[in-house]
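Colleague: what shape does this take:
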Amino acid sequence: MAALRERFAAQSRKAQAYYAVMHEIKAIVGNDDAANAWMNAPLEAFGKQTPAELVAAGREQAVLDHIRTLTAKPAK
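Modeller: Numbers count the residues shown, from 1 in each chain. Modelled structure (predicted):
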């Protein structure tokens, strides 16, 4: 039973991480379809891994940081 609980907890953490990334990118691209397409597109900055792969590997913070560079305004 403990193993099942741990497995569920791990899946829940991954789902929450995926949702957090989707929420951030959706705010930029405007809709779920575009956000889903972005999540499954290879990123040069990450060796052509997709954001979905990175999140699944536990690297959601790196993806969130990358998203924030997309919205950062250059200094004047």
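Colleague: every contact and neighbour count from this point should use C-alpha atoms.
Modeller: Fine.
Colleague: quick one, grab the pLDDT at the residue nearest the centre of the chain.
Modeller: By Cα atoms, centre = their mean, the chain has its centre lying nearest to Val21, at 3.7 Å. Looking at Val21, its pLDDT is 98.
Colleague: also the one 4 residues further on?
Modeller: Predicted confidence (pLDDT) for Ile25: 97.
Colleague: so which elements touch the strand or helix carrying it?
Modeller: Under the criterion of DSSP states H and E, Ile25 resides in helix 2-29. Contact partners of helix 2-29 among helices and strands, from 3 or more Cα pairs under 8 Å, 6 or more residues apart in numbering; DSSP states H and E: helix 32-39, helix 51-56, helix 60-71.
Colleague: for Ala3, find the nearest of these.
Modeller: helix 51-56 (19.6 Å; Cα to Cα).
Colleague: for Ala45, give its distance to Val55.
Modeller: Look at Ala45 and Val55: by Cα to Cα, to the nearest Å, they are 15 Å apart.
Colleague: next one: Ile28
Modeller: 18 Å.
Colleague: pull out the buried positions in the lowest-mean-pLDDT helix or strand in the chain.
Modeller: Least confident helix or strand of the chain, by mean pLDDT, DSSP states H and E, is helix 2-29 with a mean of 90. Within helix 2-29, the residues scored as buried using 16 or more other Cα atoms under 10 Å are Lys14, Ala17, Tyr18, Ala20, Val21, Met22, Ile25, Lys26.
Colleague: quick one: which of those residues is nearest Ala3?
Modeller: Lys14 (16.7 Å).
Colleague: look up how far Tyr19 lies from Lys26.
Modeller: Counting by Cα to Cα, the gap from Lys26 to Tyr19 is 10 Å.
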